[in-house]
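Novice: need the 3D shape of this:
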Amino acid sequence: MAFHMQDEVIVRIAILPEVREAAGEGARLMSLWPLSDAKLLDNDAKYTENLQVRITRAMAAIMTGEEVTIPDAEFVYEGAEEIPGRPQRIVDALLAANDACETMADYSQTGDTALVMGGCGALGVDWGEDTITAVAQALEEVENAVADGEALQSESNEEPVDKPADSPEHSSGSVDIEAVAQRLATVLAAVDGLLGVIGQGDDPSLQGDDAESARLRAGRALPVMLYANELCERVSIPRVFISAQEFLDMIDARDGTGAVGSNGNAGLAVARMLAPSIAAEWAKHREDVLWDPQEAKKKAKEEDERKNKEALAAKFANAPDNKN
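Specialist: Below is the predicted model of the structure:
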């Protein structure tokens with residue numbers, strides 16, 4: 001079934017309360033840009049590196065069905081091709097995930113959908129010719145919608161809005177929440193569309209309702225996890241992170257609509273499932289960028305002193321009075 005980006009579906013997604021809340025967090029994060037302070041730039045670079053580690057860890061967990069640790073993902077990100085004491089299957093999955101990240105990396109700047117297909121190949125997904133053709137056509141459909149629509153308009157053309165009261169220092173560089181909501185809705189509609197054309201294939205082992213069948217279905221759709229991240233960058237909103245469990249839950253929520261291919265109900269289900277985690281990720285990104293090591297050290301010291309005082313007070317609270 002061919003996938004078409006429908007304006008009506010994008011609008012329905014954009015007005016969901018969950019999406020509006022996520023858009024608000026995205027606007028707060030985007031109001032920090034352009035970054036000029038060296039500390040903020042360094043924090044953002046560290047966030048980006050950690051994001052790839054987290055994404056590849058999630059992808060490897062779905063690919064293998066095994067517990068993949070942050071150290072596993074960090075070692076491979078730093079260039080390791082084997083990890084003593086760890087299954088090579090996990091390392092190979094992490095290598096494939098990092099290779100897919102690198103292959104897709106320039107899509108956000110060029111819009112070249114061949115890079116996305118190359119990333120799919122790096123992950124070794126088991127798709128038939130019909131699915132490959134359908135995915136390629138869906139990617140072109142999304143790219144045409146992005147290039148022709150307002151989702152890719154620059155921030156300089158956006159109408160500013162009032163910032164939340166807790167960030168007055170950034171009110172002069174505020175971002176239009178409506179524009180962020182529309183862009184996020186475009187990404188979510190694209191995610192739903194790709195999940196629809198990928199489907200479950202003709203493999204009977206994918207049709208079951210057990211955990212292993214669910215993992216195999218998620219593995220078949222795994223490139224969508226990485227593509228969603230790149231598409232966010234493509235439409236000028238912050239990148240996102242989808243954990244392994246969230247990805248499994250998203251596919252389960254979509255399957256629960258009974259959708260074949262893509263439709264409005266499935267798109268809404270995907271949006272409701274992902275938007276809260278996207279909001280949390282954008283809030284985390286902002287906190288990471290604004291993190292001040294000296295201030296964090298000061299607060300930690302103050303917290304230790306407070307706990308020590310409370311412990312000391314509790315120790316003597318029940319002590320009998322010594323009148324002598």
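Novice: just give me how far stretch 94-112 sits from the chain centre.
Specialist: 15 Å (C-alpha atoms, centre = their mean, to the nearest Å).
Novice: pull out the buried positions in that stretch.
Specialist: 94-101, 103-104, 107-108, 111 (16 or more other C-beta atoms under 10 Å). From N, CA and C alone the C-beta is placed, and that goes for glycine too.
Novice: tell me the mean pLDDT for it?
Specialist: For stretch 94-112, the mean per-residue pLDDT is 95.
Novice: that one: end-to-end distance?
Specialist: 24 Å (C-alpha to C-alpha, to the nearest Å).
Novice: quick one: residues in contact with that stretch.
Specialist: 52, 55-57, 59-60, 63, 68, 72-73, 76-77, 81, 113, 115-116, 118-124, 143, 146-147, 223, 226-227, 230-231, 233-234 (C-beta atoms under 8 Å, 6 or more residues apart in numbering).
Novice: which ones among those map onto strands?
Specialist: Residues of those located in strands (DSSP state E): none.
Novice: from these, which would you call buried?
Specialist: Among the contacts of stretch 94-112, those scoring as buried are 52, 55-57, 59-60, 63, 68, 72-73, 76-77, 113, 115-116, 118-120, 122-123, 143, 146, 223, 226-227, 230-231, 234 (criterion: 16+ other C-beta under 10 Å).
Novice: buried sites along stretch 231-245?
Specialist: Residues of stretch 231-245 classed as buried by neighbour count (16+ other C-beta under 10 Å): 231-232, 234-244.
Novice: for those residues, give me JSON lines that also has pLDDT and distance to P87.
Specialist: Formatted as JSON lines, the buried residues of stretch 231-245 follow (pLDDT from 0 to 100; distance: C-beta to C-beta, whole Å):
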{"residue": "L231", "pLDDT": "95", "distance to P87": "32"}
{"residue": "C232", "pLDDT": "95", "distance to P87": "32"}
{"residue": "R234", "pLDDT": "94", "distance to P87": "35"}
{"residue": "V235", "pLDDT": "94", "distance to P87": "38"}
{"residue": "S236", "pLDDT": "93", "distance to P87": "39"}
{"residue": "I237", "pLDDT": "96", "distance to P87": "36"}
{"residue": "P238", "pLDDT": "96", "distance to P87": "34"}
{"residue": "R239", "pLDDT": "95", "distance to P87": "29"}
{"residue": "V240", "pLDDT": "95", "distance to P87": "29"}
{"residue": "F241", "pLDDT": "94", "distance to P87": "24"}
{"residue": "I242", "pLDDT": "93", "distance to P87": "24"}
{"residue": "S243", "pLDDT": "94", "distance to P87": "21"}
{"residue": "A244", "pLDDT": "94", "distance to P87": "17"}
